[in-house]
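J.: Would you be able to build a 3D model of this:
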Amino acid sequence: MNAAPSVVLRHASGWAIAGAIGLIVLGVFAMALPWATSFAFAMIVGWLLIFSAAIQIVHAFQLKGIGHLLWKLAVALLYLAVGCYFLVYPLMGLAAIALALAFFFLAEGLMDVAEFFQNRKLAGSGWILLDGIVTLLLGLMIAKHWPASSLWAFGILVGISMVMTGLARLMVTLAARKIVEHFAA
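T.: Residues are numbered from 1 along each chain as shown. Presented below is the predicted three-dimensional model:
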């Protein structure tokens, strides 16, 4: 016996709504405890670099014909060293990434503002300008308060991303549910 599409969608959308609400709640926690989220971020990056180093070492010995073995091992050891550094000195690792993030946001914001001026006659170009200005301000805020911004920047950014993703998924799921209910009626 097959269930009606509206029943299947309602069941699936219930899980999607629960997941979206979960993302929103976790995002709020990430923003409420930005230093804990930032610290966890540093730990995750450290472990990812260490795992990447291990994989690169294995591949260095497997792919003998492509490139020089010593060069591949040197790159793998760099990954390993930086990963260990992040695990031993997570705040220093965060400071380095925060500074790089500030420069990235400043460059991205400037490019968005330049893009706006190139396309200002197109419909919706104001959103590009708004995005550029907000990105520039975020980059300036991180740079101005660096290195202290290292403690909160990643937690706030991850939290905002999680809340926005959760809200977007929630709204899309509710809209899909409404459409199905409209056609099922």
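J.: Outside of stretch 137-147 itself, list whatever touches it.
T.: 95, 98-99, 101-109, 149, 153 (Cβ atoms under 8 Å, 6 or more residues apart in numbering). C-beta: built from backbone N, CA, C; applies to glycine.
J.: could you point out which element follows the helix or strand where residue 141 lies?
T.: According to DSSP states H and E, residue 141 maps onto helix 125-144. Next helix or strand after helix 125-144 toward the C-terminus (DSSP H and E): helix 153-184.
J.: does the nearest residue in space to residue 59 that is not next to it in sequence sit in a helix, a strand or a coil?
T.: Sequence neighbours aside, residue 72 is the residue nearest to residue 59 in space, at 7.2 Å (criterion: Cβ to Cβ, 6 or more residues apart in numbering). Following DSSP: H, G, I helix; E, B strand; the rest coil, residue 72 is assigned to helix.
J.: Give the full set of residues in contact with residue 72.
T.: Applying Cβ under 8 Å, 6+ apart to residue 72 gives the contacts 56, 59, 60, 63.
J.: Out of these, show me where the pLDDT dips lowest.
T.: By pLDDT, residue 63 ranks lowest within the contacts of residue 72, coming in at 70.
J.: what residues are up against that residue?
T.: With Cβ under 8 Å, 6+ apart, residue 63 has these contacts: residue 72.
J.: For it, give its distance to residue 95.
T.: 35 Å (Cβ to Cβ, to the nearest Å).
J.: quick one: contacts for the one residue sitting closest to the centre of the chain?
T.: Nearest to the mean C-alpha position of the chain, by Cα atoms, centre = their mean, lies residue 158 at 6.2 Å. Shown in contact with residue 158 (Cβ under 8 Å, 6+ apart): 27, 30, 37, 41.
J.: go with 7 Å
T.: 30, 37, 41 (Cβ atoms under 7 Å, 6 or more residues apart in numbering).
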